[in-house]
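In: Below is the sequence, then the predicted model.
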Amino acid sequence: MNLYKFAELYDRNGDLTKRWYVGYYYIHPESRKFQIFRIWISTKYLTKHARRVKANEIIESINQKLKEGFNPFQNENIGYTLVTEAVLKIVKIKSTYLRERTNRTYNTFVNNLIEWINKKHLTHLSIDSFNFQYTLMYSDYLKGEKKLSNRSHNNNIEGLKTLFNDLVEREYIMKNPFKKVKPLPEEQRNVYAYNEFELKTLKEYCSKNDEKLWLVCQFIFYCAIRPAEIVKLRIRDIDVFRGKINIPAEVSKNKKQSLVSMPRAFQEQLLNLNLHQIDQEYYLFSKKLLPGNFLIAPTRLAERFKKVANKLGLKRRLYDLKHTGAGLAIQSGANIKDLQLHLRHSDIRITDEYLKAFSSEPSQTFIDNYPVI
């Protein structure tokens, strides 16, 4: 004996003045009799055709769930949670294990969506009713009214796609409505680098007036370490004698432990700091960028650098030193695979895209050393 009867439409004989619903039956675990479950169709659907289209969506979803083992007596009927409530709940869950910056990003994506929902008076919308057509409307809103760049648009859509995947896993919905939204063509990423004069100006000033800031600059230039990682580095993470820097998983952006190799020129400078004589539990850069046990925010690095840059008339950012180091390495004939590993890119295509701003033609080293026939 089947435990359920498939869902079907109850259209009140086509009377639009009455509430239509989709009903399905399931065996009650105690009485062993069929019990009906109703999903009411909103009266906002004013025509018979519109209500039947909506009913078919619900029927297809419910029947698929029943085939896959859905039991309404065991499963919370969460598919009818409001969209806003569902996405906020998922963001709250993710906030327990994601980095603060990542959480802020997801909150931005969700706030944009909720803003649109409120503007379009869709606050009554349940998560199971949020279909592909709504995602297209939202996509148009991001470009039309919000006037986001194609890259920002795609980031918003990808972020929501990830959140809605979590909703699928938790059985709020059967399908991810953002899955079919096509990304917009993106403009080439702007990658800025210091020219020779700018780099020399920065080095000369910091070497004389702010050695600690110059040390931060070198960590970024030589080792491509992010400011958010730099402030969390402890003395123990830096093995000067082996020329390695350990980036712990809790520090790394991708949550994976990794080892960064120091270029020889930087290793020689670090040897002069006698780091082995400092408390190994200290952060390398604490208050006033001196070693200490107080964790500073990465914005402190940017703020200190900005003051120097403004004084020198430099239009570059602190993190542009990473781009500069990578670009100069390629121009000096570096192997792109080595550079990928050094930059900790997960895919060599990321490195290739990253370097388009630096090399539109083969290097002179490549030309000079090309094989002779």
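Out: Nice, thanks for sending it over. Numbers count the residues shown, from 1 in each chain.

In: domains of this protein?
Out: 4-75, 80-169, 196-235+284-368 (automatic domain parsing).

In: looking at those, which is closest to residue 258?
Out: domain 196-235+284-368 (5.7 Å; Cβ to Cβ). (Glycine included, C-beta is placed from N, CA and C.)

In: Now do the end-to-end distance for the closest one.
Out: 23 Å (Cα to Cα, to the nearest Å).

In: And stretch 38-56, by the same measure?
Out: End-to-end distance (Cα to Cα), stretch 38-56: 14 Å.

In: Contacts for that stretch, please.
Out: For stretch 38-56, the surrounding residues in contact (Cβ atoms under 8 Å, 6 or more residues apart in numbering) are 7, 9-11, 14, 16, 19-23, 58, 62, 80, 124, 129.

In: Please flag which of those sit within helices.
Out: Judged by DSSP state H, helices contain the following of the contacts of stretch 38-56: 58, 62.

In: Would you mind measuring from residue 249 to residue 107?
Out: 24 Å (Cβ to Cβ, to the nearest Å).

In: how many other residues sit next to residue 272?
Out: For residue 272, the neighbour count with other Cβ atoms under 10 Å is 8.

In: next one: residue 219
Out: Neighbours of residue 219 (other Cβ under 10 Å): 26.

In: What segments of the stretch 1-150 of the chain are helices?
Out: 48-67, 83-94, 100-119, 132-144, 150-169 (DSSP state H, counting those that start in this stretch).

In: tell me the contacts of the residue lying closest to residue 275 once chain neighbours are set aside?
Out: With sequence-adjacent residues excluded and distances taken as Cβ to Cβ, 6 or more residues apart in numbering, residue 275 is closest to residue 235, at 5.5 Å. When contacts are counted by Cβ under 8 Å, 6+ apart, residue 235 touches 275, 278, 279, 280, 281, 282, 283, 284, 291.

In: Please pick the buried ones from those residues.
Out: 275, 282, 283, 284, 291 (16 or more other Cβ atoms under 10 Å).

In: wait, the second one sits on residue 293?
Out: Yes. Taking contacts as Cβ atoms under 8 Å, residue 282 lies within contact range of residue 293: 5.9 Å.

In: just to revisit the earlier point, name the residue in residue 249 and residue 107 with the higher neighbour count.
Out: residue 107 (16 against 10).

In: Now do the same contact list for the more buried one.
Out: Counted by Cβ under 8 Å, 6+ apart, residue 107 has contacts residue 91.

In: Next one, pLDDT for it please.
Out: Residue 107 carries a pLDDT value of 93.

In: With residue 182 instead?
Out: The model's pLDDT for residue 182 equals 92.

In: again with residue 300
Out: 92.

In: Which strand or helix spans it?
Out: helix 298-312 (DSSP states H and E).

In: Only the buried residues of that helix, if you could.
Out: 298, 300, 301, 304, 305, 308, 309.

In: Against residue 238, how distant is residue 250?
Out: For residue 250, the distance to residue 238 - Cβ to Cβ - is 16 Å.

In: Kindly report the same for residue 181.
Out: 44 Å.

In: Counting neighbours, go ahead and name the busier of the two.
Out: Neighbours were counted for residue 181 and for residue 238 using other Cβ under 10 Å; residue 238 has more, 22 against 19.

In: What separation do you get for that one and residue 274?
Out: Taken as Cβ to Cβ, the span from residue 238 to residue 274 is 12 Å.

In: want to throw the domains of the chain into CSV with distance to residue 270?
Out: CSV is the format used below for the domains of the chain (distance: least, Cβ to Cβ, whole Å):
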stretch, distance to residue 270
domain 4-75, 58
domain 80-169, 27
domain 196-235+284-368, 9
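
In: contacting residues for residue 112?
Out: So residue 112 contacts 142, 146, 156 (Cβ under 8 Å, 6+ apart).

In: ok, so of those residues, who is nearest residue 324?
Out: residue 156 (30.1 Å).

In: Please name the residues that touch the closest one.
Out: 109, 112, 142, 148.

In: Just give the number of residues close to the closest residue to the first one other than its chain neighbours.
Out: Yep, that's residue 109 we're talking about. Nearest residue to residue 109, sequence neighbours excluded (Cβ to Cβ, 6+ apart): residue 159, at 3.9 Å. Residues near residue 159, counting by other Cβ under 10 Å, number 20.

In: For residue 159, give its distance to residue 134.
Out: Residue 159 is 16 Å from residue 134, by Cβ to Cβ.

In: same check, this time on residue 5
Out: From residue 5 across to residue 134, the span is 30 Å (Cβ to Cβ).

In: Please apply the same query to residue 287.
Out: 50 Å.

In: So for the two, which sits in the more crowded spot?
Out: A side-by-side neighbour count of residue 287 and residue 134, using other Cβ under 10 Å, places residue 134 first with 19 against 13.

In: is it true that that one touches residue 177?
Out: Yes. Taking Cβ under 8 Å as the definition, residue 134 is a contact partner of residue 177 at 6.7 Å.
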